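Participant: Give the three-dimensional model of this entry:
(one chain, ligands or ions: 1)
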Amino acid sequence: METRFDSLIAAAKQAAQSAYTPRSGDPVGAALLARDGGIFSGATVELGGSVLCAERVALANALLAGKRRFTALALYAQNPVVPCEDCRRALREFGDLWVIRASSDGGVQSATLSKLANGGGQGERT
Ligand SMILES: [Zn+2]
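Facilitator: Okay, the predicted model is just below:
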């Protein structure tokens, strides 16, 4: 499975480099795999007092490209992150996706969205 998601993780890692995080300095990159094989990326954007999460930036990116069906989301960060509640709710509109969480130490964890929501991950925000 990790092989299957290698390119998705690579896309998330690359996206993290484009994050705009002047306040937290804690970039997260996301890459969403559409059912047709397309990959749509996003990264943390901190503007004013609010934060646009990488997951929802990737989702918006994919939606604007006309995609509506997804199979997996990869996240890349210094330390493994779990999608926040708002992101989980947004992603859940499109089914129970696989969420692959990669970190800079090379660790990769994967779980379905519903598993994460049930405490399958730590409660870090992205
Ligand atoms: Zn979020």
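
Participant: Alpha carbons only: can I get stretch 32-51 in CSV?
Facilitator: Only the C-alpha atoms of stretch 32-51 are listed here, as CSV (Å, rounded to 0.1, in the frame of the first residue of the first chain):
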residue,chain,number,x,y,z
LEU,A,32,-5.7,14.6,-2.8
LEU,A,33,-6.0,11.7,-5.1
ALA,A,34,-9.0,11.9,-7.4
ARG,A,35,-10.6,8.6,-8.5
ASP,A,36,-9.5,9.3,-12.1
GLY,A,37,-5.9,9.4,-10.9
GLY,A,38,-5.4,13.2,-10.8
ILE,A,39,-3.5,14.6,-7.9
PHE,A,40,-4.4,18.0,-6.4
SER,A,41,-2.2,19.6,-3.8
GLY,A,42,-2.6,22.2,-1.1
ALA,A,43,-0.6,23.6,1.7
THR,A,44,-1.2,25.6,4.9
VAL,A,45,-1.9,29.3,4.3
GLU,A,46,-1.9,31.6,7.2
LEU,A,47,-3.6,34.9,6.5
GLY,A,48,-4.4,37.6,9.1
GLY,A,49,-5.8,35.7,12.1
SER,A,50,-7.0,32.7,10.2
VAL,A,51,-5.5,29.5,8.9
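
Participant: Just the buried residues of that stretch, please?
Facilitator: Residues of stretch 32-51 classed as buried under the neighbour-count rule (16 or more other Cβ atoms under 10 Å) are Leu32, Leu33, Ala34, Ile39, Phe40, Ser41, Gly42, Ala43, Thr44, Val45, Glu46, Val51. Yep, even glycine has a C-beta here, placed from its N, CA and C like the rest.

Participant: same thing with stretch 18-33?
Facilitator: Under the neighbour-count criterion of 16+ other Cβ under 10 Å, stretch 18-33 has Ala19, Asp26, Pro27, Val28, Gly29, Ala30, Ala31, Leu32, Leu33 buried.

Participant: gap between the first one and Gly42?
Facilitator: Looking back up the chat, that one is Ala19. Taken as Cβ to Cβ, to the nearest Å, the spacing of Ala19 relative to Gly42 amounts to 9 Å.

Participant: confidence score at Ala117?
Facilitator: Per-residue confidence (pLDDT) for Ala117: 76.
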